[in-house]
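Peer 1: Just need the structure, nothing else, for what follows:
(2 chains)
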Amino acid sequence: MSAPRADVMTEAWRVPPVSVLLAAVALIACAEVGGASMVQWKPEVTRWARDTMLARPAVHGLVGVRDVDEQILDEALTRLDGGLRLFHLHAEGMGTVIIVTTMVATTLVASDTLRRAIVVLLTVGGAVYPFGYLLWSALIPFAGVTPAKRIAEWVVWIPFGSAAIAATWLLVWALGTRLVTRRRQPT
Amino acid sequence: MILSRRVTRPPLVVVFVAVLLLALGASAGAVMGKLRPETERYARARVAANAPAHGLTGSAEYDDEVIARAVFSAEAGLSFFHTHAQGLPPIVLLAGTLVATCVPWRRCRGILQTLLAAGALFPLGYLVYALAVLEVGRDAGVALAERWVLTPLGSLVIVALLGLVTALARGRSRPA
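Peer 2: Take a look at the predicted model:
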């Protein structure tokens, strides 16, 4: 028989809404598919990216000198591959983080409005943010490394990443307030 | 019956520390991405300000290499902080949940949760690593962070997880 537990230890986890779990698990599934696709279709992706870049010499600063151009193409292809890897890593990581943080919010944030806001921001921000890496990779052959990065930053990383970060700090604030309030309460 | 058992959450302080680390890790990722030039400039300025610690000689060719290595190490520390601060908290919350749910001894639960809460701070060691490299030199900074932060806090997590494994094994062998 277990020893009796203090009040703080007897509370059970609450499961976040199914839509949140669905988004998180779908994101993890996308990460797995992305990782597998990177390996399976690496030659095809590289060939497509190379052909697309060669068709746009001005965008990539290609000068027609093989030694110079090959270096530029190699660097762009490395960045493209890096973007795909970062999508794989961030999608796996954020899927887990969404489940964990929304479970914490669902269980421990008392205010309905604050809880909903945190859960929505974490889910939307966390689920969309990793796709910025996919967008960056996809745009590199068309727009070049730096312009593609700028587009991904403004369209995905900054708005959705900021939403997820703001929600996590809101959660920290809510938990901190709860912790302080609990300690001040007379036993 | 195990399948019908409620999944109990860890104490609030463990949850708070884990979520705080997640927030810090996510913010570090944003700093690494958006403020990279500013971070590099700051790192270079700190290395220059601590020239003796880095063994700068005044020879541009040699100094540039030393500075580049120190800046790279500081950026690596920030990157490690980001990855560990995003990866460790879910593990701490999972382990804390297992402790709260499956360990039947109150004192044992308290010790394991304390170890997990303290050990959850392990990623901060990489922040110390990044800053110490700039302030006291590359090798001395890495050694300082490893000796005083990473090893002690990492050991706490390992001890907590081994303790959890032992408690689960002992709890399993107890008569129902």
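Peer 1: From here on, just use CA atoms for contacts and neighbour counts.
Peer 2: OK.
Peer 1: Check which helices and strands the lengthiest helix in chain B sits against.
Peer 2: Looking across chain B with DSSP state H, the single longest helix is helix B:60-102. Applying 3 or more Cα pairs under 8 Å, 6 or more residues apart in numbering or on different chains; DSSP states H and E, one finds that helix B:60-102 contacts helix A:66-108, helix B:12-34, helix B:36-49, helix B:106-119, helix B:124-136, helix B:151-173.
Peer 1: how distant is it from the center of its chain?
Peer 2: Put simply, helix B:60-102 sits 6 Å off its chain's centre (Cα atoms, centre = their mean, to the nearest Å).
Peer 1: Kindly report the same for stretch A:45-59.
Peer 2: On Cα atoms, centre = their mean, the centre of stretch A:45-59 falls 27 Å from that of its chain.
Peer 1: What residues sit buried inside that stretch?
Peer 2: A:45, A:49-50, A:53-54, A:56, A:59 (16 or more other Cα atoms under 10 Å in any protein chain shown).
Peer 1: any chance of the residues you listed in JSON lines, plus pLDDT, distance to chain B and secondary structure?
Peer 2: Output for the buried residues of stretch A:45-59, formatted as JSON lines (pLDDT from 0 to 100; distance: Cα to the nearest Cα, whole Å; DSSP: H, G, I helix; E, B strand; the rest coil):
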{"residue": "A:Val45", "pLDDT": "95", "distance to chain B": "25", "secondary structure": "helix"}
{"residue": "A:Ala49", "pLDDT": "96", "distance to chain B": "24", "secondary structure": "helix"}
{"residue": "A:Arg50", "pLDDT": "96", "distance to chain B": "26", "secondary structure": "helix"}
{"residue": "A:Met53", "pLDDT": "96", "distance to chain B": "25", "secondary structure": "helix"}
{"residue": "A:Leu54", "pLDDT": "95", "distance to chain B": "29", "secondary structure": "helix"}
{"residue": "A:Arg56", "pLDDT": "95", "distance to chain B": "27", "secondary structure": "coil"}
{"residue": "A:Val59", "pLDDT": "95", "distance to chain B": "24", "secondary structure": "helix"}
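Peer 1: For the residue of chain A found nearest chain B, name its beta-bridge partners.
Peer 2: Nearest residue of chain A to chain B: A:Ala12, at 4.1 Å (Cα to the nearest Cα). Note on A:Ala12: beta-bridge partners by DSSP bridges are B:Thr8.
Peer 1: right, and it touches B:Leu12 too?
Peer 2: No - using Cα atoms under 8 Å, A:Ala12 is not in contact with B:Leu12; the gap is 11.9 Å.
Peer 1: packing partners for whichever helix or strand A:Ile118 is part of?
Peer 2: Assigned by DSSP states H and E, A:Ile118 belongs to helix A:112-128. Here helix A:112-128 touches helix A:18-40, helix A:66-108, helix A:162-184, going by 3+ Cα pairs under 8 Å, 6+ apart.
Peer 1: For it, buried residues please.
Peer 2: A:114-115, A:118-128.
Peer 1: picking up where we left off before, winner for burial among the helices and strands packed on helix A:112-128?
Peer 2: Ranked by mean neighbour count, these are led by helix A:66-108 with a mean of 20 (mean count of other Cα atoms under 10 Å in any protein chain shown).
Peer 1: So it, near chain B or not?
Peer 2: Yes - part of helix A:66-108 sits near chain B under the criterion Cα under 8 Å from any Cα of the partner chain, namely A:93, A:96-97, A:100-101, A:104.
Peer 1: and A:Trp154, which of the helices and strands packed on helix B:60-102 is closest to it?
Peer 2: helix B:12-34 (10.9 Å; Cα to Cα).
Peer 1: Does that closest one reach chain A?
Peer 2: Yes - using Cα under 8 Å from any Cα, we find that helix B:12-34 touches chain A at B:12-13, B:15-16, B:19-20, B:22-23, B:26-27, B:30.
Peer 1: Give the other helices and strands that that helix contacts.
Peer 2: Using 3+ Cα pairs under 8 Å, 6+ apart, helix B:12-34 is in contact with helix A:162-184, helix B:60-102, helix B:106-119.
Peer 1: can you rerun that using 6 Å?
Peer 2: helix A:162-184, helix B:60-102 (3 or more Cα pairs under 6 Å, 6 or more residues apart in numbering or on different chains; DSSP states H and E).
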